[in-house]
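**Q** Structure, please.
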Amino acid sequence: MNGPLTFRRSRKSLVSVSIVSLAALTVCIHVPPVRAEAACAKLSEVEIVQLLNRWRVEFASGDPARLSALYADDAALTTSKGNLQNGAEEIRSFYKDLLAKHPMISIKPSSLTSDCGVATVSGPVVYRLSGERKGTRTLLGGIYSMEYALRGDRWWIVRHFLAADPRSAAKPIGSAASNTSLPQ
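**A** Numbering: from 1, shown residues only. Below you'll find the model as predicted:
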């Protein structure tokens, strides 16, 4: 009786080893690479506001080169009149014209979203620009939206929309306004 018992144990061991090997092989095949998960970076609301604050600091510096350095080489900036600046160089030129008017800005984040490698912030904005006459200011109010993308190890502005129109303190946002606006 030792013969059949030995065969049963051997066959049972062989089946067990085969099942364990097959399970290990299946695990190896179906385990996603660790790098794929690491590439999906999401920002917290605090981190998105920090990106916006960095933009504010560079805007306040008055240096169009520093400000445009926050934008990706293929970024797009669109104004309320539908004018499109493509690429960091055109965006730098836009800011050169705008910053020459010594603007002061009030910008608030009201919507913050983040997904895998992208983040968006939007909300109301008010620009105060030097007026035509000495000592005067023009108010531009409206909305903005900035989309950031993670490229390599850095977050870049890839799309930026500015909707602003002139107004006085008596005219709320959304009312008809005169012709003065952001540089084209």
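**Q** In terms of pLDDT, where does residue 124 sit?
**A** As predicted, residue 124 sits at a pLDDT of 93.
**Q** can you map out the helices along this structure?
**A** Assigned by DSSP state H, the chain shows helices spanning 2-30, 34-38, 45-61, 64-68, 87-99.
**Q** now for the last one, which elements pack on it?
**A** Where contact means 3 or more C-beta pairs under 8 Å, 6 or more residues apart in numbering; DSSP states H and E, helix 87-99 is packed against helix 64-68, strand 71-79, strand 84-86. Bear in mind the C-beta positions are built from the backbone N, C-alpha and C, glycine included.
**Q** So which of those is nearest residue 44?
**A** Proximity to residue 44 (C-beta to C-beta) singles out strand 71-79 among the helices and strands packed on helix 87-99, at 21.7 Å.
**Q** and that closest one, which strands flank it?
**A** In the sheet containing strand 71-79, its partner strands are strand 84-86 (antiparallel), strand 154-167 (parallel), by DSSP bridges.
**Q** Could I get those strands in TSV, plus columns for distance to residue 124?
**A** Output for the strands paired with strand 71-79, formatted as TSV (distance: least, C-beta to C-beta, whole Å):
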stretch	distance to residue 124
strand 84-86	22
strand 154-167	10
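**Q** Determine which of the ones you listed shows the lowest mean per-residue pLDDT.
**A** strand 154-167 has the lowest average pLDDT among these, namely a mean of 85.
**Q** Just the CA trace of it, in CSV.
**A** These are the backbone C-alpha positions of strand 154-167, laid out as CSV (Å, rounded to 0.1, in the frame of the first residue of the first chain):
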residue,chain,number,x,y,z
ARG,A,154,7.2,71.2,-12.4
TRP,A,155,3.7,72.6,-12.6
TRP,A,156,3.2,74.9,-15.6
ILE,A,157,0.4,77.2,-16.7
VAL,A,158,-0.8,75.7,-20.0
ARG,A,159,-4.1,77.6,-20.5
HIS,A,160,-5.1,81.0,-19.1
PHE,A,161,-8.3,82.9,-19.8
LEU,A,162,-8.8,86.5,-18.8
ALA,A,163,-12.2,88.2,-19.1
ALA,A,164,-12.1,91.8,-18.1
ASP,A,165,-14.0,94.9,-19.0
PRO,A,166,-13.8,98.5,-17.8
ARG,A,167,-16.2,99.8,-15.1
